[in-house]
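Visitor: Coordinates only, no sequence provided:
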């Protein structure tokens, strides 16, 4: 379990103070949840990124608040793509014995046999909703597709035996499927040329027949 230090900040922080925090590499955040009051804090951006890489998006973090460790998860963080910067984080304090429901990513592993034969792998959903105690939440769910042939489909029901958690999605929901390759339809221009060619041949044959009849009449 990773540790992350915090610094205190005022609840009603002025915009200028928030901007100053961010320019010094700090991210404003809020802590709430199990046995804690809503507490505004700040964390170091680089340290936060390291921790997320270590524990994953749904991992448990020991958040140091005034010298006291609080077990938390990240429920949401906001990212400014223009500035390439995390602008705010929501930490929720958790009870390690109580179940929580989170979204877990689906990770496709391998290349499907059907794809090697020309099929196309379709991935209708990229995550599923999982309920478990925090220490049983998987970082991701691996789906090995190497044995899948054209026409095969893996459903949510095929994922249910993977760990000590409950998947909330419906059993019949498709996770990955291998569909046949799409046939290329001839372009309109090509069809038109083909028809014109046939018409020209028919016209030529009619012309030859007419010429033969005229020659017979002259004879």
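Guide: Now that the structure is in, tell me what you want to look at. Since the model is a prediction, treat every value here as computed from it, not as a measurement.
Visitor: Could you use CA atoms for every contact and neighbour count after this?
Guide: Fine.
Visitor: Apart from its chain neighbours, what residue comes closest to the spatially most central residue of the chain?
Guide: For the chain, the residue nearest the mean C-alpha position is residue 126 (4.1 Å; Cα atoms, centre = their mean). Take residue 126 and drop its neighbours on the chain: the residue closest to it by Cα to Cα, 6 or more residues apart in numbering is residue 106, 5.3 Å away.
Visitor: so what's the one you found scoring on pLDDT?
Guide: We have a pLDDT of 96 for residue 106.
Visitor: isn't residue 170 right up against residue 156?
Guide: Yes: Residue 170 is within contact range of residue 156, at 6.8 Å (criterion: Cα atoms under 8 Å).
Visitor: Looking at the two, which one has more neighbours?
Guide: residue 156 (18 against 11; other Cα atoms under 10 Å).
Visitor: And the more buried one, how close does it get to residue 99?
Guide: 20 Å (Cα to Cα, to the nearest Å).
Visitor: Quick check: the gap between the nearest residue to residue 65 once chain neighbours are set aside and residue 96.
Guide: Of all residues not flanking residue 65 in the chain, residue 6 sits nearest, at 5.9 Å (Cα to Cα, 6+ apart). Distance of residue 6 to residue 96, computed by Cα to Cα: 21 Å.
Visitor: And for residue 29?
Guide: Using Cα to Cα, one gets 22 Å for the distance from residue 29 to residue 96.
Visitor: what's the answer for residue 159, then?
Guide: Distance of residue 159 to residue 96, given as Cα to Cα: 24 Å.
Visitor: for residue 111, same thing?
Guide: Counting by Cα to Cα, the gap from residue 111 to residue 96 is 37 Å.
Visitor: Also residue 157?
Guide: 27 Å.
Visitor: Residue 130 too?
Guide: In terms of Cα to Cα, residue 130 sits 16 Å off from residue 96.
Visitor: Which residue of the two possesses the greater neighbour count?
Guide: residue 130 (20 against 15).
Visitor: Hmm, residue 163 and the more buried one touching each other?
Guide: No: counting by Cα under 8 Å, residue 130 does not reach residue 163; the two are 10.6 Å apart.
Visitor: mind checking the backbone torsions on residue 47?
Guide: phi -70, psi -40 (degrees, to the nearest 10).
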